[in-house]
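[1] Turn this into a model:
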Amino acid sequence: MGVIAPRNWLSTDSPSGTALLIAALAVPVVVQNLLLPGSLAWLWVAVGFVAFAVAIGPVAASSLGERVGAWFRGIGVEGRILALVAVVAAVWLVTEVVEGAFTPLHSIGTGGLLAVVVFVTVRTVYARIAG
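    Numbers count the residues shown, from 1 in each chain. Next up is the predicted model:
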């Protein structure tokens, strides 16, 4: 099974404080978005959830994921902030320029944040049970 096996990407270590903080900050956003479903397209929520779950689970544990992670850590705090600002600016630009892009992007983002919350929760529970 290789990288796909959960034992290869679910660590017995508890998630970092940063991961817990991100998940905690994501919870109210996800809840708010799910309570206002008129702005969501459920297919895109599912796409975002699956894409993020695969990216932060099996893909992150792969050699490609490890190389990307090493690069991301290597660019330093300023580089990571710049990368985040660039992604936010690109998403904003697309939603402003491409008509009808807001709902899919908003839905994918909601699904992605939901995946982060679920993944961090599962990792926390797994670490307590297995560790």
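
[2] Packing partners of the longest helix along the chain?
    What stands out as the longest helix in the chain, according to DSSP state H, is helix 102-130. On a contact count with 3 or more CB pairs under 8 Å, 6 or more residues apart in numbering; DSSP states H and E, helix 102-130 meets helix 17-35, helix 42-54, helix 76-97. The C-beta positions use only the backbone N, C-alpha and C, and glycine is treated the same way.

[3] Could you point out which of those helices sits nearest residue 68?
    Closest of the helices and strands packed on helix 102-130 to residue 68 is helix 76-97, at 11.3 Å (criterion: CB to CB).

[4] Okay, residue 129 and residue 66: tell me how far apart.
    Distance of residue 129 to residue 66, computed by CB to CB, to the nearest Å: 25 Å.

[5] Between those two, which has more neighbouring residues?
    Between residue 129 and residue 66, residue 66 has the larger neighbour count (other CB atoms under 10 Å), namely 11 against 8.

[6] So that one, which state does it fall into?
    Counting by DSSP: H, G, I helix; E, B strand; the rest coil, the backbone at residue 66 sits in helix.
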